[in-house]
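Colleague: My questions are about this predicted structure, shown below with the sequence.
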Amino acid sequence: MVDDDFADNCVFSDEEAKSNFCEDGKLGEKQPSLLFICKESNLENDKLYGKKDFWLKRVVEAKRSGQYYNPYEGSDERDKKDITRDRKAQTTYYNCLCLICKNLGVDITDSAFMNINKRGGLNRTNTRVLSNYAEKYKEFIRAEIRLLNCNRVVVFSSNQMPSTVNEILKDFENEIIYLPFHPSRYSKKAVEQYFK
């Protein structure tokens, strides 16, 4: 049974989805020096409910060996369109994070990634749900940032991040880089403009 408060901070309506938890953390094995923060995972087209899988870490591992990660392995339910969509997302995220890392002089495996809302969300973030989640679990968010202990933090979709997160980040002496875009909406030009 899922904590009722935790379930209330979920955009999904069915019971199976309410137990969803999206893992995040280090993208490599070493102590990370850079932390990427996003709002939440987009699970609109996925039935990954209850599946504990750090998608982005698997993507980085696969892309570094010239391959794609297949989150649908062993599932007959996925059609070619789902796989193509996921591969496009993998390439976009990976290229975005790699370009930011390059501009900061960091290897992608020396970074970490966290979503504020561990429940996952839809294609468009429900800001009320995200804000409520951030407020309710702010001590856990603060603890994760402290445990990852990175020198620099990149906050994506910074103009849509709940004020609670910005307040938490003030507690740390890290260099904070606020980017207005999300990695899924990345363009090389946008990144290069920021790092001029």
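Modeller: Now that the structure is in, tell me what you want to look at. Numbering: from 1, shown residues only.
Colleague: those strands in this structure, which residues are they?
Modeller: 25-26, 34-42, 111-121, 152-155, 175-178 (DSSP state E).
Colleague: could these be laid out in TSV, adding mean neighbour count, distance to residue 97 and mean pLDDT?
Modeller: Any C-beta I mention is one placed from the backbone N, CA and C, and that applies to glycine too. As requested, the strands of the chain are arranged in TSV below (neighbours: other C-beta atoms under 10 Å; distance: least, C-beta to C-beta, whole Å; pLDDT from 0 to 100):
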stretch	mean neighbour count	distance to residue 97	mean pLDDT
strand 25-26	16	13	91
strand 34-42	23	6	85
strand 111-121	23	7	82
strand 152-155	20	9	95
strand 175-178	16	13	94
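Colleague: Save these as a markdown table, and put in distance to residue 141 too.
Modeller: Compiled in a markdown table, the strands of the chain are given as follows (distance: least, C-beta to C-beta, whole Å):
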| stretch | distance to residue 141 |
| --- | --- |
| strand 25-26 | 13 |
| strand 34-42 | 9 |
| strand 111-121 | 6 |
| strand 152-155 | 12 |
| strand 175-178 | 14 |
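Colleague: wait, what's in contact with residue 151?
Modeller: 33, 34, 174, 175 (C-beta atoms under 8 Å, 6 or more residues apart in numbering).
Colleague: typo on my end, it should be residue 97
Modeller: Residue 97 touches 36, 60, 108, 111, 113, 183, counting by C-beta under 8 Å, 6+ apart.
Colleague: Could I get the contacting residues of the fourth one?
Modeller: Spelled out, that is residue 111. 26, 27, 28, 32, 33, 34, 35, 36, 97, 101, 150 are the contacts of residue 111 under C-beta under 8 Å, 6+ apart.
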